[in-house]
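Participant: predicted model and sequence follow; I will ask about them next.
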Amino acid sequence: MIKKYFSLIALLFCVCCYSQNNSEVSKAKIASVFENYFNLEREAIHLHLNKTIFLNNESIWFKGYIINRKNSKPFFTSNIFVLLLDENGKQISEQLVFASNGVFSGKIELRSTITSGKYYIQAYTNWMNNFTEDESTISGITIINPTQGVKNYKKLNLNSLKVNLHPEGGNFVKGIENAMGISLLDCMNNTIDSIEGRLQTFEGTVLRTFKLNKFGYTKIIVPQTDKKLKIVFNHNDEIFEKELPTPTDIGLGLIVNNFSDEEKTFLNLSTNTITLKTLEAKKLFLVISKDEKKIIQEFKFDHQAKKNFVIEKKSLFNGINTLRIIDDELNQLCERLIYSDSIKANPDRIISISKGKANAGQINLIGFNSFSESSISITALPEKTKANDFNKTNIKVALNINPYLINPLENPSYYFKDTDRIKKLELDLLLVNQSDLKYNWNNMKM
């Protein structure tokens with residue numbers, strides 16, 4: 001009898017060890033994907049322009065800052081390509097600028113033949129060409145040809161206005177409640193402010209009403225139903241609508257709340273019985289990452305169709321974090337971007353500048369710098385100038401958000417001036433409504 005008990009205990013011990021070893025192997029495989037893909041240093045560039053609106057006989061002055069994304073320190077590259085592009089991406093000019101200690105500067109001379117319109121300044125290094133993704137930085141400006149006047153890009157173009165749908169996490173799953181990101185935008189990203197929309201059946205039964213924010217985004221919960229659904233907006237005599245995608249039989253639903261609590265992020269996973277059966281024999285991992293940095297946590301559904309996580313925000317990485325659910329065969333089951341401002345200002349490491357006396361056309365600046373080495377750029381413009389849109393540029397966005405998006409953030413300064421819960425929600429809505437993520441898991445694991 002004793003021998004039988006001993007054999008049983010030994011067997012259980014072996015099974016537990018085998019299971020634990022398998023988990024560690026799976027974690028190591030997931031970790032190696034990030035370590036290999038982001039092994040080489042990647043740069044981020046911030047461009048500081050003297051203003052954002054120019055006449056076509058002026059010069060565009062710029063100063064750029066390059067950091068190593070691994071440690072946020074200056075990246076010691078030496079050559080920067082600076083291009084001026086029109087609104088269609090056609091190159092107008094190109095120059096090679098020398099950089100030293102992660103800093104470069106120069107100017108772009110405009111020509112009188114340039115027409116009024118939106119233009120873009122693109123900056124990149126030759127090192128960035130080593131990567132599949134476009135790691136360059138793009139800054140939008142407006143150029144005015146006085147003979148043509150200002151082009152109005154803020155006028156709503158109803159012919160190009162369309163509804164876009166983005167299931168949160170990338171899946172729209174049958175038999176569960178799903179979160180759906182919704183946007184209504186024209187070709188220039190204009191929208192109808194605070195327009196009300198409807199989630200309804202094809203027969204006309206309204207299941208939910210909602211409003212878009214001023215940038216044209218929202219997120220709603222789609223209730224479980226077997227009926228075909230669509231999103232509908234009415235504006236004057238126009239109807240804008242889009243059918244919801246066909247739900248998949250197998251998949252995970254994801255709902256994230258990253259704005260209501262200052263200290264915590266809430267992540268809710270749900271699925272149906274069919275998917276639950278396929279996942280019983282699999283090991284699942286919640287993976288939070290930024291570049292090569294990652295957090296990997298194993299979990300199980302434990303025969304329940306829902307799984308909830310509470311994530312301490314102080315454990316997240318500063319800037320954009322990617323949330324992924326990965327199985328033990330390196331299949332990605334869902335993904336989502338969130339933003340975390342996890343690094344608080346250090347009162348011992350500050351730079352402050354204030355205006356002192358101003359006389360005889362001269363402005364005296366008074367400042368304090370606690371860093372042993374630093375570089376700064378200052379633009380002086382008339383107090384009531386209309387030549388600079390202060391919402392267009394933000395160094396925090398340029399270095400911590402834009403490098404992880406396919407398209408740079410619109411109105412970046414808006415989200416970080418007088419930040420409150422509403423602005424955090426609006427930034428989160430923008431991240432939910434990303435059409436594609438820049439770093440594709442299937443490419444990364446190859």
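Facilitator: Thanks, I have it. Computed from a prediction, not measured in an experiment: that's the story for all the values here.
Participant: is residue 118 bridged to anything, and to what?
Facilitator: Per DSSP bridges, the residues bridged to residue 118 are residue 142.
Participant: for residue 369, same thing?
Facilitator: Beta bridges link residue 369 to residue 351 when assigned by DSSP bridges.
Participant: tell me how far it lies from residue 376.
Facilitator: Here the criterion is C-beta to C-beta, to the nearest Å. By it, residue 369 lies 8 Å from residue 376. All C-beta atoms are positioned from the backbone trio N, CA, C, and that covers glycine.
Participant: and residue 276, helix, strand or coil?
Facilitator: helix (DSSP: H, G, I helix; E, B strand; the rest coil).
Participant: hmm, it is touching residue 306, no?
Facilitator: No: judged on C-beta atoms under 8 Å, residue 276 makes no contact with residue 306 at a distance of 10.2 Å.
Participant: more crowded one of those two?
Facilitator: Ranked by neighbour count (other C-beta atoms under 10 Å), residue 276 and residue 306 place residue 276 first, with 14 against 11.
Participant: now residue 311: phi and psi?
Facilitator: The phi/psi pair for residue 311 (degrees, to the nearest 10) reads phi -110, psi 120.
Participant: how about the nearest residue to it, chain neighbours excluded?
Facilitator: In space, and not counting its chain neighbours, residue 311 is closest to residue 265: 4.4 Å by C-beta to C-beta, 6 or more residues apart in numbering.
Participant: can you pull out the helices in the stretch 301-446 of the chain?
Facilitator: Applying DSSP state H, counting those that start in this stretch to the stretch 301-446 of the chain gives helices spanning 395-400, 421-432, 441-444.
Participant: out of those, nearest to residue 413?
Facilitator: Closest approach to residue 413 among those is made by helix 395-400 (7.7 Å; C-beta to C-beta).
Participant: can you list the residues that contact the closest one?
Facilitator: Helix 395-400 is touched from outside by 44-48, 65, 67, 72, 137, 318-320, 408-409, 412-413, 415-416, with contacts defined as C-beta atoms under 8 Å, 6 or more residues apart in numbering.
Participant: if you set the cut-off to 6 Å instead, what comes out?
Facilitator: For helix 395-400, the surrounding residues in contact (C-beta atoms under 6 Å, 6 or more residues apart in numbering) are 44, 46, 67, 319, 409, 412, 416.
Participant: one more: stretch 234-253?
Facilitator: Here stretch 234-253 makes contact (C-beta under 6 Å, 6+ apart) with 161, 163, 165, 171-174, 176, 178, 192, 229-233, 269-271, 274-275, 333-334.
Participant: cool, stretch 41-60 as well?
Facilitator: So stretch 41-60 is contacted by 61-70, 75, 107-110, 112, 114, 123, 125, 137, 139, 141-145, 377, 379, 387-389, 392, 395, 398-399, 403 (C-beta under 6 Å, 6+ apart).
Participant: any of those residues buried? List them.
Facilitator: Neighbour counting with 16 or more other C-beta atoms under 10 Å marks 62-69, 75, 108, 110, 114, 123, 125, 137, 139, 141-145, 388, 392, 398-399, 403 as buried within the contacts of stretch 41-60.
Participant: excluding its backbone neighbours, what's nearest residue 426?
Facilitator: Closest to residue 426 by C-beta to C-beta, 6+ apart is residue 213, at 5.6 Å.
Participant: shouldn't that neighbour be within a helix?
Facilitator: No: applying three-state DSSP, one finds residue 213 to be coil, outside a helix.
Participant: give me the neighbour count for it.
Facilitator: Other residues within reach of residue 213, judged by other C-beta under 10 Å, total 16.
Participant: ramachandran coordinates for residue 126?
Facilitator: Dihedral pair for residue 126: phi -60, psi -30, per degrees, to the nearest 10.
Participant: residue 88 too?
Facilitator: Dihedral angles (degrees, to the nearest 10) for residue 88: phi -100, psi 0.
Participant: and it, how far from residue 140?
Facilitator: 14 Å.
Participant: and the strands in the stretch 1-150 of the chain?
Facilitator: For the stretch 1-150 of the chain, applying DSSP state E, counting those that start in this stretch gives strands covering 43-49, 53-55, 59-68, 73-74, 79-86, 91-100, 103-109, 117-125, 137-144.
Participant: cheers, nothing more for now.
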